[in-house]
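Enquirer: Everything below, folded, please.
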Amino acid sequence: MDWLGMAVRPRMPRPELKAAVLARAYAAGRRRAWWPLAAAAALVVALAAAGYAQWRVGVLRGERDRLAARAAALRDTLDFVRRPGSTVYHFPVVTAGKAGSITIFTDSQSRRWLVTCNGLTPNTPGEVYQIWFVTARGVRSALVMPMPDATPRIAAIGVPDAAVTGVMMTVEPDSGSTEPHGTVVFEQAL
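Expert: This is a model prediction of the structure:
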């Protein structure tokens, strides 16, 4: 559009000049093209590292909480055993011809018992061991303790308000029972 009539007529540049200008433009464009890619890669790596760190912190917090709970339980058990007014009862038992033992730590202050079972024959399917309190009012269920394998078991149980005069263990159906009906493993006056 030459409305004033003073414009220079366009000319095509010489081929060698055109080639040189285009080569410089392409080379400059290629040199800068790796920066966005490097920045994106660095961002991906940083996000992956942050995600991994967040996940790892969550795992470690869970492990710390589990260990803290375990340490508190062990501290409670140790305090239970060392507390004045604690009494220890040890009962050797034989189940299916295998010698084992029941140990009961009693605490008159907290009115709790800590019961350990070692060396008992594993229950057959559909059976559990059940521990009973013997009181002046009769027999009361204290604990249902399944033994699917020979691993020693430990449990803390609360003692009823009635005076406990004895303890016994029987083999009962899978969910336990309200009264002892099964084979008596041991019975002992306290």
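Enquirer: Could you pick out the longest helix of the protein?
Expert: helix 34-82 (DSSP state H).
Enquirer: State the mean pLDDT of it.
Expert: Mean per-residue pLDDT for helix 34-82: 90.
Enquirer: Tell me which helix or strand in the chain has the weakest average pLDDT.
Expert: helix 15-32 (a mean of 75; mean pLDDT, DSSP states H and E).
Enquirer: hmm, back to that, name the helices or strands packed onto the longest helix of the chain?
Expert: In terms of contacts (3 or more Cβ pairs under 8 Å, 6 or more residues apart in numbering; DSSP states H and E), helix 34-82 is packed against strand 98-107, strand 112-118, strand 153-158. (Each C-beta comes from the backbone N, C-alpha and C, glycine too.)
Enquirer: Centre-most residue in this protein?
Expert: The centroid of the chain falls nearest to Arg66 when counting by Cα atoms, centre = their mean (6.1 Å).
Enquirer: any idea how far Arg56 is from that one?
Expert: Noted for Arg66: a distance of 16 Å to Arg56, by Cβ to Cβ, to the nearest Å.
Enquirer: for Ala73, same thing?
Expert: From Ala73 to Arg56 the distance is 26 Å (Cβ to Cβ).
Enquirer: before we move on, what about Val144?
Expert: Val144 is 40 Å from Arg56, by Cβ to Cβ.
Enquirer: just Glu179 next, same as before
Expert: 53 Å.
Enquirer: quick revisit: dump the least confident helix or strand of the chain to PDB, restricted to CA.
Expert: Output of helix 15-32 as PDB, limited to C-alpha atoms (Å, rounded to 0.1, in the frame of the first residue of the first chain):
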ATOM      1  CA  PRO A  15      19.500 -16.400  -1.100                       C
ATOM      2  CA  GLU A  16      22.800 -16.600   0.900                       C
ATOM      3  CA  LEU A  17      21.700 -13.700   3.200                       C
ATOM      4  CA  LYS A  18      18.300 -15.300   3.700                       C
ATOM      5  CA  ALA A  19      19.900 -18.600   4.500                       C
ATOM      6  CA  ALA A  20      22.300 -16.900   7.000                       C
ATOM      7  CA  VAL A  21      19.500 -15.000   8.800                       C
ATOM      8  CA  LEU A  22      17.300 -18.100   9.000                       C
ATOM      9  CA  ALA A  23      20.200 -20.200  10.300                       C
ATOM     10  CA  ARG A  24      20.900 -17.700  13.100                       C
ATOM     11  CA  ALA A  25      17.200 -17.600  14.000                       C
ATOM     12  CA  TYR A  26      16.900 -21.400  14.200                       C
ATOM     13  CA  ALA A  27      20.200 -21.700  16.100                       C
ATOM     14  CA  ALA A  28      19.100 -19.100  18.700                       C
ATOM     15  CA  GLY A  29      15.700 -20.800  19.000                       C
ATOM     16  CA  ARG A  30      17.300 -24.200  19.600                       C
ATOM     17  CA  ARG A  31      19.700 -22.900  22.200                       C
ATOM     18  CA  ARG A  32      16.900 -21.500  24.400                       C
END
